[in-house]
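>>> Sequence first, predicted coordinates after that:
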Amino acid sequence: MNAANTIAAIATAMSSSGIGIVRISGDEALEILSRVFYPARKDYNVMELKSHTVIYGHIYDGDTLIDEVLVLYMKRPHSYTAEDTVEIDCHGGVLVVKKVLEAVLKNGARPAEAGEFTKRAFLNGRIDLSQAEAVMELIDSKNEYAMKSSLKQLKGSLSEKIISLRERILYEIAFIESALDDPENISLEGYGERLKEAVDAMKKEVDDLIQSADNGRMVSEGIKTVILGKPNAGKSSVLNLLIGEDRAIVTEIAGTTRDTLEEHMMLNGISLNIMDTAGIRSTDDIVEKIGVKRAMDHAEDADLILYVVDSSESLTEDDERIIQIIQNKHAIVLLNKSDLNPILLKEEMERKTGKQVILFSAKKEEGLDELSEAITDLFFSGNLDFNDEIYITSARQKNALLKASESFSQVNESLENHMPEDFYSIDLMDAYEALGMIIGEAVEDDLVNEIFSRFCMGK
């Protein structure tokens with residue numbers, strides 16, 4: 001690399017803040033710093049700075065003083081990018097940080113592209129592609145559990161699993177190829193049974209990762225939650241209670257909510273993308289009909305349905321319609337207005353719906369803790385500590401795992417049909433390459449560029 005390939009960018013948010021950081025990475029990082037930075041101690045030679053030390057001084061643009069700063073130098077390969085890296089900690093504020101960056105760019109660095117620092121870390125072998133994606137997910141974390149999942153992947157939990165699988169696949173391929181090349185000394189007799197055991201074990205590990213993808217998506221993006229119920233069951237009151245503000249209009253007039261209303265919220269650490277919908281009922285009102293149709297469509301796509309029932313009223317045909325909708329869905333029944341004289345009992349609703357029923361009162365704010373526990377049980381087997389479980393949160397990673405699983409199925413099919421051994425090698429190699437896509441082995445440049453383009457400039 002030369003000075004043209006030494007990059008710089010603002011690594012902190014562009015806002016009024018205590019500090020702002022300008023990051024420089026590349027072979028000329030230290031030399032560029034020496035052109036703009038003057039240490040407070042006159043005996044300091046910037047070009048002789050020791051790695052991982054912080055020094056105090058001032059940034060100048062020519063003869064113009066810009067700011068009083070601290071500078072951190074990290075010598076390759078012991079830096080985020082595995083290149084010589086400098087971080088200038090200056091005072092926060094949009095103008096000051098921009099002036100520092102402009103001085104750095106004038107003196108030989110070029111502006112970093114989106115995600116280029118992390119891309120360099122990947123290209124320089126410090127992290128693999130799954131870890132690079134975990135960096136972006138960590139930045140975008142909306143809750144503690146998404147953060148923990150991203151940190152675990154960043155530390156290499158998924159990489160270790162994929163590398164182990166690929167090593168086992170490679171062992172089987174090497175054995176088959178060796179036996180075909182030297183049949184006199186290496187026998188394949190009885191190998192089919194042993195290979196099937198190995199393939200079944202690997203396929204199960206891959207399928208378990210695939211199964212984790214839905215949980216991973218819900219952890220990182222939130223659970224798609226739709227509130228269903230008849231008009232005046234208290235759906236809007238439930239939404240307002242959950243999000244902690246009067247977001248939905250609440251009246252005693254049936255059919256107040258005619259369109260969907262979406263909010264993102266946290267319930268004891270669980271992210272919910274929650275949607276209030278029009279009350280489900282038969283109506284001749286054209287606008288309300290459209291609202292009911294939209295409610296049904298959103299219920300079809302939901303991860304979770306909260307079926308709100310007015311416990312002070314008897315069930316009607318509209319309730320029967322909703323009960324049919326939730327039969328094959330994750331659903332929790334909120335027996336609302338339980339502070340009034342209930343006509344409907346919890347046991348009765350459990351029999352009718354086959355779902356967990358919670359006594360709920362939006363007015364008295366009762367039932368929230370039980371609801372969060374129910375959601376945790378429903379989606380995370382009652383466990384959100386993650387332990388050693390790996391969650392797949394990337395659609396790209398899931399697609400690669402699906403390809404690997406299909407290749408393992410092809411191996412088993414070849415074994416059942418007593419195909420020649422070289423057929424096994426072909427499908428095993430397909431699985432090997434599909435898994436390699438997850439960690440960035442043999443990945444195409446266009447895909448790499450597309451992944452890193454979603455990062456912010458300073459990362």
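Thanks, I have the structure now. No experiment lies behind these values; they were computed from the predicted model shown. Residues are numbered from 1 along each chain as shown.

>>> Pull the number of nearby residues for Tyr38.
Other residues within reach of Tyr38, judged by other Cβ atoms under 10 Å, total 13. Backbone N, C-alpha and C define where each C-beta goes, glycine included.

>>> Correct me if wrong: it contacts Tyr56.
No: applying Cβ atoms under 8 Å as the test, Tyr38 and Tyr56 come out as separate, 10.6 Å apart.

>>> Return the distance of the residue found closest to Leu402 once you drop the neighbours it is linked to in the chain relative to Tyr432.
Spatial nearest neighbour of Leu402, chain neighbours left out: Ile210 (6.3 Å); criterion: Cβ to Cβ, 6 or more residues apart in numbering. Look at Ile210 and Tyr432: by Cβ to Cβ, to the nearest Å, they are 17 Å apart.

>>> Repeat that for Lys403.
11 Å.

>>> More neighbours: which of the two?
The residue with more neighbours, out of Lys403 and Tyr432, is Tyr432; 22 against 17, by other Cβ under 10 Å.

>>> does the more buried one belong to a helix or a strand, and which?
Of the helices and strands defined by DSSP states H and E, Tyr432 is found in helix 421-439.

>>> For Leu272, give me its contacts.
Gly222, Ile223, Thr225, Leu242, His264, Met265, Met266, Leu304, Ile375 (Cβ atoms under 8 Å, 6 or more residues apart in numbering).

>>> Tell me the most packed of the residues you listed, by neighbour count.
Most neighbours among the contacts of Leu272, by other Cβ under 10 Å: Thr225, with 27 neighbours.

>>> For that residue, list each beta-bridge partner.
Under DSSP bridges, the beta-bridge partners of Thr225 are Ile274, Leu304.

>>> same check, this time on Ile7
On the basis of DSSP bridges, Ile7 is bridged to Ser25, Arg110.

>>> Parallel or antiparallel, list what pairs with the longest strand along the chain.
Counting by DSSP state E, the longest strand found in the chain is strand 64-74. Strands that pair with strand 64-74, judged by DSSP bridges, come out as strand 53-61 (antiparallel), strand 85-91 (antiparallel).

>>> got the CA positions of it in CSV?
Provided in CSV are the C-alpha atoms of strand 64-74 (Å, rounded to 0.1, in the frame of the first residue of the first chain):
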residue,chain,number,x,y,z
THR,A,64,-3.7,27.1,11.8
LEU,A,65,-4.3,25.4,15.2
ILE,A,66,-7.4,23.2,15.0
ASP,A,67,-7.6,21.3,18.3
GLU,A,68,-6.0,19.9,21.4
VAL,A,69,-6.0,16.1,21.1
LEU,A,70,-4.8,12.8,22.3
VAL,A,71,-3.3,10.4,19.7
LEU,A,72,-3.3,6.6,19.9
TYR,A,73,-0.9,4.7,17.6
MET,A,74,-1.3,0.9,16.9
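
>>> Quick one: residues in contact with it.
Contacts of strand 64-74 (Cβ under 8 Å, 6+ apart): 30, 33, 37, 49-60, 80, 84-91, 96, 99-100, 103.

>>> List buried residues within those.
30, 33, 37, 49, 55, 57, 59, 80, 84-91, 96, 99-100, 103 (16 or more other Cβ atoms under 10 Å).

>>> Count residues in the vicinity of the closest residue to Gly234 other than its chain neighbours, would you?
Distances taken as Cβ to Cβ, 6+ apart put Asn336 closest to Gly234, at 4.2 Å, once the chain neighbours are dropped. Other residues within reach of Asn336 by the criterion other Cβ under 10 Å amount to 27.

>>> Check whether Phe122 really touches Glu133, as I assumed.
No: applying Cβ under 8 Å, one finds Phe122 not in contact with Glu133, separated by 9.8 Å.

>>> so what's Ile176 up against?
Contacts for Ile176 (Cβ under 8 Å, 6+ apart) come out as Leu188, Tyr191, Glu421, Asp422, Tyr424, Ser425, Leu428.

>>> and the residue located most distally from the centre of the chain, what helix or strand is that in?
What lies farthest from the middle of the chain is Glu184; by Cα atoms, centre = their mean that is 51.5 Å. In the assignment (DSSP H and E), Glu184 maps to no helix and no strand.

>>> Check what pLDDT it gets.
pLDDT recorded at Glu184 is 80.

>>> Pretty sure Ile332 sits in a strand.
Yes: read with DSSP: H, G, I helix; E, B strand; the rest coil, Ile332 is one of the residues of a strand.

>>> Please report how far it lies from Val308.
For Ile332 relative to Val308 (Cβ to Cβ), the value is 10 Å.

>>> More neighbours: those two, which one.
With neighbours defined as other Cβ under 10 Å, Ile332 and Val308 compare such that Val308 has more, 27 against 23.

>>> Met266 and Val206: what is the separation?
Per Cβ to Cβ, Met266 is found 32 Å from Val206.

>>> just Ala374 next, same as before
From Ala374 across to Val206, the span is 31 Å (Cβ to Cβ).

>>> Compare those two (neighbour count), which wins?
Taking neighbours as other Cβ under 10 Å, Ala374 and Val206 compare with Val206 leading, 24 against 21.

>>> That one in helix, strand or coil?
helix.

>>> Correct me if wrong: Arg23 contacts Thr6.
No: using Cβ under 8 Å, Arg23 is not in contact with Thr6; the gap is 11.1 Å.

>>> out of the strands paired with strand 64-74, nearest to Ser237?
Proximity to Ser237 (Cβ to Cβ) singles out strand 85-91 among the strands paired with strand 64-74, at 47.7 Å.

>>> got the CA coordinates for that closest one in PDB?
C-alpha atoms of strand 85-91 as PDB (Å, rounded to 0.1, in the frame of the first residue of the first chain):
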ATOM      1  CA  THR A  85      -3.500   2.600  12.600                       C
ATOM      2  CA  VAL A  86      -3.800   6.000  14.300                       C
ATOM      3  CA  GLU A  87      -6.800   7.300  16.200                       C
ATOM      4  CA  ILE A  88      -7.000  11.100  16.900                       C
ATOM      5  CA  ASP A  89      -9.300  11.800  19.900                       C
ATOM      6  CA  CYS A  90     -10.300  15.400  19.600                       C
ATOM      7  CA  HIS A  91     -13.100  17.500  21.100                       C
END
